[in-house]
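fold the stuff below for me.
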Amino acid sequence: MIGKKIFLTAAFFAILIIPMTSAVNIDKILENKYQNYLSDPPEWASNYFYGVVGLTNQNGQPEDHKGITVGYCQNDFKGRFAGVIAENDEKTPKLFIGGKIAGPFLIGVIGNISTEKYAGMVGIGFRNETHFYYRLMGIVGPTFYIAGKYHPIK
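Model (predicted):
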């Protein structure tokens with residue numbers, strides 16, 4: 001009975017997550033102009049990540065991505081993370097993002113690089129050995145998603 005529940009839960013997440021991450025061509029992001037933000041990892045980082053950011057609709061489904069994110073994370077996306085977000089066609093990132101991940105939960109901040117104003121955010125999501133997907137929300141404003149891949153720092 002417990003095995004059946006675990007299987008059904010895993011199947012639900014696989015059906016929900018795989019189309020979301022495969023719908024965007026994440027592999028092309030590393031060929032992108034934002035690679036230079038991955039040049040000097042902090043001491044705590046064991047992985048780097050890259051992905052896309054976008055809004056979710058009222059049903060919680062991801063819409064087309066609005067931006068690209070790159071940064072560093074700890075322990076296979078199970079601890080601290082920090083990165084930047086740039087709009088799809090921008091040369092310079094405008095936002096920073098950072099916080100901690102514990103299990104399916106994310107807590108952190110998102111802020112504007114130039115004004116240094118920031119807001120708290122929380123999220124819930126899923127990760128496996130190579131990919132992640134989190135829905136992010138604040139007290140006010142729209143609900144965002146962040147989806148991508150992470151790799152060990154070589």
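
rest of the way, CA atoms for contacts and neighbours
Fine.

please report how far Asn47 lies from Gly103.
Remark: distance between Asn47 and Gly103 (CA to CA, to the nearest Å) = 17 Å.

more neighbours, these two?
More crowded of Asn47 and Gly103, by other CA atoms under 10 Å: Asn47, with 19 against 13.

OK, contacts around the nearest residue to that one once chain neighbours are set aside?
Nearest residue to Asn47 in three dimensions, chain neighbours excluded: Pro152, at 4.2 Å (CA to CA, 6 or more residues apart in numbering). Going by CA atoms under 8 Å, 6 or more residues apart in numbering, Pro152 touches 46-48, 76.

cool, Ala82 as well?
Counting by CA under 8 Å, 6+ apart, Ala82 makes contact with 71-73, 96-99.

okay, and which of those residues map to strands?
Judged by DSSP state E, the subset of the contacts of Ala82 located in strands is 71-73, 96-99.

what's the most distant pair in the contacts of Ala82?
Greatest spacing in those, by CA to CA: Cys73 and Phe96 (13.7 Å).

more neighbours: those two, which one.
Cys73 (29 against 21).

bridging across strands, which residues link to the more buried one?
For Cys73, the beta-bridge partners under DSSP bridges are Asn47, Phe81.

quick check: it touching Ile97?
No - Cys73 lies out of contact with Ile97 (CA atoms under 8 Å); the separation is 11.4 Å.
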